[in-house]
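*Asks:* pasting the sequence and the predicted coordinates here, then a few questions.
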Amino acid sequence: MIDARGLSCPLPVIKTQNEIKKNAPDTLEVLVDNTTAVGNVTRFANNNGYDVAVKELEDDEYSLVLTKR
Amino acid sequence: MKEKKENFFKKYWLVMLTGLLVGAAAVVLAAFGNPKNMGFCIACFLRDIAGALKLHGAGVVQYFRPEIVGIVAGSCIMALISKEFKPKAGSSPVIRFTLGAAVMIGALVFLGCPLRMVIRIGGGDLNAIIGLAGFVLGILIGIFFLKHNFSLGRAYKQSTVEGLAFPVMLIGGFVLTLIGASFFAFSAEGPGSMHAPILLALGIGLIVGALAQKSRLCMVGGVRDAVMFKEFGLLAAFGCILVAVLVGNAIRGTLNWGFEGQPIAHTEWLWNLLGMTVVGWGCTLLGGCPLRQLVLAGEGNTDSAITVLGMIAGAAAAHTLKTASSADGTGVNGPIATIVCLAVILLISVTHLKKEQ
């Protein structure tokens, strides 16, 4: 799991990119707390062979579950 | 390939449209009175506001620019409507203030923020192409540190009052100028005296702020995302601004290619290059260009508000310490200030590399 809460772009995308490059996990959960990060991580994941399920947690936090296509 | 192309426009139409509108707005504002090739310039306009507040004594650049107020207010209103107004702060505020000041000092050596750099290119100013090279170089250095886990740390949720403080402060100052508060300074001559009608400038600022909030337009993000993530949406928007300005200037007959005699520009290529290297590098560490910082400040991000205040302080310093350039060339202390800024940003870069988990 990547906790990118409180981080502004592009850091959430960089963390996601690093993890995908290093370990190429089948599924990966990314926590963020702003809609820009939701959009950017989702777009990045979609462009790199992952589907994304976004779930809004309480308090403006989002869980993004990335699954390899 | 065709499908890919259609997909691209579907994904990025809003930010590209925003780019076209920003470019067109810059041409319109210059046609209605703003200085040449300065329809929009976040750095210059913040510097003018610093002048209006008498934070520096350069008589030719003092004006409470309505465009800045409009951008912050437009972003704030759009964020409130779309429930994206989320006050937050706490990610190295003093470092951000410092970076904001350094970025401003660099921008005033070149004479323009990244947005004005594009607008200058669109007016035929070839010095700005050298600036662009420096800007890209700065972003590439910034990316190097981002890839090595540079981070200014996380931000935390703040109160609504904290988030609204900066936009309200700016609007309050603007209202005071409208009712003729005599303690603000206004240029009688020079760039600060040249301005579009107040309501037009404010209105265009509001529209640009709202659209930039919605579309996340950012001049630094274009090059950064293209290099780091092979995403070209923001870069396409960058291109759209350029195209709109080029076409607008061609229509107005104000397109004038060359290095010499360009409006509010100088030809000292090394400092044009390095000034924009400071801007590109600093803004990459900050996560966005000066325009983006204004928009984020409107969304309640007070780390960005602090950055903008840093930029205003940097502008005041630049004119007081004679580091800012003019059409005659760099200021007496411009070159040394540029080198100091590069050193400061390097220090900030290496001291914020987080260990890999």
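*Replies:* Cool, got the structure.
*Asks:* secondary structure element holding B:E231?
*Replies:* Assessed by DSSP states H and E, B:E231 sits outside every helix and strand.
*Asks:* what about the closest residue to it other than its chain neighbours, which SS state?
*Replies:* In this structure, B:E231 finds its nearest non-sequential neighbour in B:D225, 4.3 Å apart by C-beta to C-beta, 6 or more residues apart in numbering or on different chains. All C-beta atoms are positioned from the backbone trio N, CA, C, and that covers glycine. Here B:D225 is recorded as helix under DSSP: H, G, I helix; E, B strand; the rest coil.
*Asks:* on the pLDDT front, check B:D225 for me.
*Replies:* B:D225 is assigned a pLDDT of 95 by the prediction.
*Asks:* thought it was touching B:L234?
*Replies:* Yes: if you go by C-beta atoms under 8 Å, B:D225 and B:L234 touch, sitting 5.5 Å apart.
*Asks:* just want to know which of these two has more residues nearby.
*Replies:* B:L234 (25 against 22; other C-beta atoms under 10 Å in any protein chain shown).
*Asks:* mind listing what the spatially closest residue to B:Y12 that is not a sequence neighbour touches?
*Replies:* Of all residues not flanking B:Y12 in the chain, B:G233 sits nearest, at 3.7 Å (C-beta to C-beta, 6+ apart). Residues near B:G233 by C-beta atoms under 8 Å, 6 or more residues apart in numbering or on different chains: B:8, B:11-12, B:15-16, B:225.
*Asks:* and B:G233, how close does it get to A:C9?
*Replies:* 13 Å (C-beta to C-beta, to the nearest Å).
*Asks:* could you find the closest non-adjacent residue to the residue in chain A positioned nearest to chain B?
*Replies:* Chain B sits closest to A:G6 of chain A, with a gap of 2.9 Å, by C-beta to the nearest C-beta. Leaving aside its chain neighbours, A:G6 sits nearest to B:R154 (2.9 Å; criterion: C-beta to C-beta, 6+ apart).
*Asks:* residues in contact with the one you found?
*Replies:* A:5-7, B:90-91.
*Asks:* can you name the residues of chain A that neighbour chain B?
*Replies:* A:5-11, A:13-14, A:17, A:33-36, A:39, A:43-44, A:47, A:59-60 (C-beta under 8 Å from any C-beta of the partner chain).
*Asks:* please indicate which of these are buried?
*Replies:* Buried residues within the residues of chain A next to chain B, counting neighbours by 16 or more other C-beta atoms under 10 Å in any protein chain shown: A:5-11, A:13-14, A:17, A:33-36, A:43-44, A:60.
*Asks:* could you report the neighbour count for residue 20?
*Replies:* Reading this off chain A. 18.
*Asks:* hmm, I had chain B in mind actually
*Replies:* Count around B:L20 with other C-beta under 10 Å applied: 17.
*Asks:* got the contact list for it?
*Replies:* B:240-241, B:243-244.
*Asks:* same check on B:V103?
*Replies:* So B:V103 contacts B:43, B:278-279, B:282-283, B:286, B:290, B:311, B:314 (C-beta under 8 Å, 6+ apart).
*Asks:* which helix or which strand is home to the residue nearest the centre of chain A?
*Replies:* When C-alpha atoms, centre = their mean is applied to chain A, the residue found nearest the centroid is A:V30 (4.1 Å). Per DSSP H and E: A:V30 is located in strand A:27-32.
*Asks:* show me what that strand packs onto, helices and strands only.
*Replies:* strand A:2-3, helix A:11-23, helix A:35-47, strand A:62-68 (3 or more C-beta pairs under 8 Å, 6 or more residues apart in numbering or on different chains; DSSP states H and E).
*Asks:* sheet partners, orientation included, of it?
*Replies:* Partners of strand A:27-32 in the sheet, by DSSP bridges, are strand A:2-3 (parallel), strand A:62-68 (antiparallel).
*Asks:* need the ones you listed in CSV (columns: mean pLDDT).
*Replies:* Listed next are these as CSV, based on pLDDT from 0 to 100:
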stretch, mean pLDDT
strand A:2-3, 94
strand A:62-68, 95
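*Asks:* mean neighbour count added to those, as JSON lines?
*Replies:* Shown next, in JSON lines, are the strands paired with strand A:27-32 (neighbours: other C-beta atoms under 10 Å in any protein chain shown):
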{"stretch": "strand A:2-3", "mean neighbour count": "17"}
{"stretch": "strand A:62-68", "mean neighbour count": "18"}
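*Asks:* I'd like to know which of those is closest to B:A305.
*Replies:* For B:A305, the closest of the strands paired with strand A:27-32 is strand A:62-68, at 24.0 Å, according to C-beta to C-beta.
*Asks:* please compute how far the closest one lies from its chain's middle.
*Replies:* Its chain's C-alpha centre and that of strand A:62-68 lie 6 Å apart, by C-alpha atoms, centre = their mean, to the nearest Å.
*Asks:* and if you look at stretch B:126-137?
*Replies:* With C-alpha atoms, centre = their mean, you get 15 Å for stretch B:126-137.
*Asks:* also stretch B:62-70?
*Replies:* The answer for stretch B:62-70 is 13 Å, by C-alpha atoms, centre = their mean.
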